[in-house]
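Novice: Got a predicted structure here, sequence first:
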Amino acid sequence: MERQRLDKWLWHARVVKARTSAAALVEAGHVRINGVRERAPGHAVKAGDVLTIGLDRSVRILRVVGFSERRGDASAARVLYDDLEEQRE
């Protein structure tokens, strides 16, 4: 798999609890892909894309590393991205 829908990837990476929440987050304009605001939940993300995600009280910066066919546990979700905030510290 080379690409995946943005809302599906956010859900599989466990950034949000439900896929509908992921779609709402994107539609509200809280997600940027490589610095460009994205409002379409169906936009395809590819490996290497940098996502800036504005959550309730924080901002997460993640680099897409991989994709998953199914939503797994937290350890499986963690291999889908590199957390760029952790690397900066």
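Specialist: Nice, I can see it.
Novice: Pick out the residue nearest the middle of this protein.
Specialist: Leu10 (3.7 Å; C-alpha atoms, centre = their mean).
Novice: Just to check, that residue is in contact with Leu25?
Specialist: Yes - between Leu10 and Leu25 there is a contact under C-beta atoms under 8 Å: 7.0 Å. C-beta: built from backbone N, CA, C; applies to glycine.
Novice: Report the set of residues contacting both of those two.
Specialist: Taking C-beta atoms under 8 Å, 6 or more residues apart in numbering as the contact rule, Leu10 and Leu25 both touch 16, 31, 53.
Novice: neighbour-wise, which of those residues leads?
Specialist: Val31 (25 neighbours; other C-beta atoms under 10 Å).
Novice: Where do the helices of the protein begin and end?
Specialist: Taking DSSP state H as the test, the helices found in the chain are 6-12, 19-27, 74-78, 84-88.
Novice: Now do the residue nearest to the centre of the chain, the pLDDT please.
Specialist: pLDDT for Leu10: 96.
Novice: One more: the one 4 residues further on?
Specialist: In the predicted model, Arg14 carries a pLDDT score of 95.
Novice: now do Asp56
Specialist: With respect to pLDDT, Asp56 has a value of 85.
Novice: all strands for this structure, in order.
Specialist: Taking DSSP state E as the criterion, the chain carries its strands at 3-5, 31-33, 36-37, 44-46, 50-54, 59-64, 81-83.
Novice: contact partners of the second one?
Specialist: Yep, that's strand 31-33 we're talking about. With contact meaning C-beta under 8 Å, 6+ apart, strand 31-33 is reached by 6, 10, 25, 37-38, 43, 45, 49-54.
Novice: now swap in the shortest one and tell me
Specialist: Outside of strand 36-37, the residues within contact range by C-beta under 8 Å, 6+ apart are 29, 31.
Novice: Same check on the last one?
Specialist: Residues from elsewhere that reach strand 81-83 (C-beta under 8 Å, 6+ apart): 13, 51, 60-66.
Novice: could you dump these to CSV with neighbour count?
Specialist: CSV is the format used below for the contacts of strand 81-83 (neighbours: other C-beta atoms under 10 Å):
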residue, neighbour count
Ala13, 26
Leu51, 22
Arg60, 16
Ile61, 17
Leu62, 20
Arg63, 14
Val64, 21
Val65, 14
Gly66, 13
